[in-house]
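Peer 1: What shape does this take:
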Amino acid sequence: KKLIRVKPNESDKVTVENDGKPFFVFGEIAQSSLISWRVLNSRIASINAGNNGEVTVTGLKNGETSVIAKDNVTGKTISCKIIVSDGFTNPQVVGGKDFTVALKADGTVWTWGLNRAGQLGIANSTPQAVLPQKVTKYESKYQGEIFEFKNIIKIAAGTDFALALDADGRVYSWGRNTHGQLGLNTIDGSQHPTPELVKGKGGSGVVRGAVEIAASYRSGALILGDGSVWSFGDNSKGQLGDGSTSSYSATIVGVKNIKNANKLVGGAMNMAAVLDDGNAVIWGDNSSSQVNNVNAAGMDVCNTPYLIEDATHAAMKNIDNIAIGGSDAGDSQIIVTDMDGNIYTWGSALNGKLGDGVLANRATPVKISVPKDTGAKVGGIGAGNAHSLAILENGDVYAWGANTSGQLGDETMVQNIYPVKVGGDYIDLDKYHITIKVGDNDLKDITGRYNLFFNVYKDVDSTASISARSLDESVVRVENGKLVPVAAGKT
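Peer 2: I've put the predicted structure just below:
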């Protein structure tokens with residue numbers, strides 16, 4: 001298996017095949033005991049290795065991680081991606097240029113914001129949407145038919161296009177295709193407002209067996225089950241990572257020197273990959289020191305991957321996820337979460353998209369709080385052209401930065417330099433009019449419900465504490481949630 005999905009407190013198994021070739025990539029191994037196993041994020045899932053080359057994976061909480069198998073003789077490793085979710089998949093939110101794509105736990109995709117290039121994937125030319133819209137179908141040019149768009153497990157967004165990965169390892173794309181960023185073996189200026197299947201190597205067939213996807217400004221990339229990385233689209237800043245200087249590729253090409261990737265991210269003119277050892281590499285544009293490696297200093301373009309370093313030029317460790325925003329102008333922000341759910345940002349502070357309350361660029365990581373004053377553990381992140389996003393572990397979505405097209409989703413079009421909650425939560429009541437008599441011993445009560453306008457896990461917060469008060473206590477008092485009549489009147 002290259003990917004398994006489990007719910008919290010449920011288990012599944014990954015097994016060494018009987019021919020002694022785990023995942024069909026290792027050489028012949030006589031004993032399964034020569035294989036060691038580990039899980040990248042032990043807060044998300046735990047593992048229990050058996051004696052027969054089998055490991056049991058148990059989900060602990062909603063999130064995503066990988067289990068790593070290592071051949072102790074050759075040192076070779078390969079990963080199996082683990083999605084732990086109460087629903088079909090792990091929720092996600094990503095941003096493009098003035099539009100947002102969200103994946104719910106049921107495997108459905110929702111989009112909102114700008115739609116002038118068909119980037120919302122809703123099969124129409126409406127210029128924008130200020131509330132989430134469901135993507136319902138995809139087009140198979142290979143089969144010449146329209147199918148239901150479902151069972152999606154990952155999403156990604158570029159400047160004006162988007163990608164999606166389904167549970168069967170197929171990759172979809174929609175939006176603009178001026179630089180081959182849809183991976184369709186063609187380049188054109190037309191809109192592609194309905195998702196289509198990305199083609200395979202050399203433009204033949206379609207991609208199958210993918211376990212991860214990413215999108216940058218006008219480029220896309222994917223990881224196959226063997227840990228290799230493949231890219232397509234624009235290469236003006238080396239973002240294909242294949243060492244070439246060609247301007248683009250409309251079909252997938254191999255990224256150099258990566259054999260053990262388990263997570264892939266992109267944004268602006270860069271791509272990055274998290275490796276099995278918890279380190280990460282990045283490549284592409286370096287005009288804002290995005291490629292944070294001493295060996296890349298002074299280079300404007302890095303067309304092969306470089307190890308991401310911290311402020312001391314040591315490898316940044318325990319990386320869980322990365323998001324890269326910005327535009328082709330080089331004004332990129334980088335967002336990183338670690339295994340403990342902390343969130344860090346650096347790079348361009350244009351429009352307040354670093355979320356630290358200042359408008360000054362940062363060359364080294366700064367830890368931020370989401371929400372602003374209290375902070376919480378972050379389960380997912382995303383970055384757009386001029387805004388940034390985060391999903392908390394409780395499912396609430398926050399956004400910060402520019403808001404010219406409503407991309408913060410907070411019912412305004414006002415920029416915010418601190419994280420703000422997407423959607424407007426509200427309370428409704430079980431009744432809105434009550435008549436009671438003075439001296440009535442059968443006290444009445446009103447029950448309130450706290451509704452979450454946009455939460456990736458649930459629609460109602462049953463744990464919320466709702467208080468009540470009377471506007472005129474000379475008429476009615478509230479005691480222990482009950483209405484106590486005092487005198488005739490109305491309040």
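
Peer 1: residue with max distance from the center of the protein?
Peer 2: G439 (57.8 Å; CA atoms, centre = their mean).

Peer 1: residues in contact with the closest residue in space to that one that isn't next to it in sequence?
Peer 2: Leaving aside its chain neighbours, G439 sits nearest to P485 (7.2 Å; criterion: CB to CB, 6 or more residues apart in numbering). To be clear about C-beta, it is placed using only N, CA and C from the backbone, and glycine gets the same treatment. Counting by CB atoms under 8 Å, 6 or more residues apart in numbering, P485 touches I436, K437, V438, G439, D440, V475, V476.

Peer 1: Show the buried residues in the residues you listed.
Peer 2: Among the contacts of P485, those that count as buried by neighbour count (16 or more other CB atoms under 10 Å) are V476.

Peer 1: Out of the contacts of P485, which is nearest to D300?
Peer 2: The shortest approach to D300 among the contacts of P485 belongs to V476, at 70.6 Å (CB to CB).

Peer 1: The closest one contacts A468, doesn't it?
Peer 2: No - in this structure, V476 is not within contact of A468 by CB atoms under 8 Å, at 10.5 Å.

Peer 1: who's in contact with Y248?
Peer 2: H179, G180, I187, G233, D234, N235, S236.

Peer 1: The stretch 201-350 of the chain: helices as residue ranges?
Peer 2: For the stretch 201-350 of the chain, helices defined by DSSP state H, counting those that start in this stretch do not occur.

Peer 1: For I122, which non-adjacent residue is spatially closest?
Peer 2: According to CB to CB, 6+ apart, the nearest residue to I122 is Q133 (5.1 Å).

Peer 1: for T491, same thing?
Peer 2: Leaving out its chain neighbours, T491 is closest to D472 (CB to CB, 6+ apart), at 3.9 Å.

Peer 1: Ramachandran angles for the one you found?
Peer 2: The phi and psi values for D472, taken as degrees, to the nearest 10, are phi -140, psi 100.

Peer 1: What count of nearby residues applies to it?
Peer 2: Neighbour count for D472, taken as other CB atoms under 10 Å: 12.

Peer 1: separation between the closest residue to G118 other than its chain neighbours and Q133?
Peer 2: Leaving out its chain neighbours, the residue that sits closest to G118 by CB to CB, 6+ apart is P193, at 3.1 Å. Between P193 and Q133 the distance, using CB to CB, to the nearest Å, works out to 12 Å.

Peer 1: residues shared between the contacts of these two?
Peer 2: L120, I122.

Peer 1: In the beta-sheet assignment, what are the partners of V67?
Peer 2: Beta-bridge partners of V67, counted by DSSP bridges, are V39, C80.

Peer 1: what about it, neighbour count?
Peer 2: Neighbours of V67 (other CB under 10 Å): 24.

Peer 1: separation between it and I35?
Peer 2: V67 is 12 Å from I35, where distance means CB to CB.

Peer 1: neighbours around G284, how many?
Peer 2: Around G284 there are 32 residues (other CB under 10 Å).

Peer 1: in the sheet, who's paired with it?
Peer 2: Going by DSSP bridges, G284 forms beta bridges with N270, C302.

Peer 1: Against T463, how distant is it?
Peer 2: 43 Å.

Peer 1: and of the contacts of Y248, the nearest to K201?
Peer 2: Once CB to CB is applied, the member of the contacts of Y248 that ends up nearest K201 is G180, at 14.1 Å.

Peer 1: Now the contacts of P485 in CSV, please, with extra columns for distance to G169.
Peer 2: As requested, those are exported to CSV (distance: CB to CB, whole Å):
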residue, distance to G169
I436, 62
K437, 68
V438, 70
G439, 71
D440, 65
V475, 65
V476, 62
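
Peer 1: For the stretch 1-150 of the chain, just list every one of the strands.
Peer 2: In the stretch 1-150 of the chain, the segments counted as strands under DSSP state E, counting those that start in this stretch are 3-6, 11-15, 35-39, 45-49, 54-59, 63-71, 77-84, 92-95, 99-103, 109-114, 128-135, 137-140, 145-148.

Peer 1: I'd assumed E139 was in contact with E196.
Peer 2: Yes - E196 is in contact with E139 according to CB under 8 Å; the separation is 5.3 Å.
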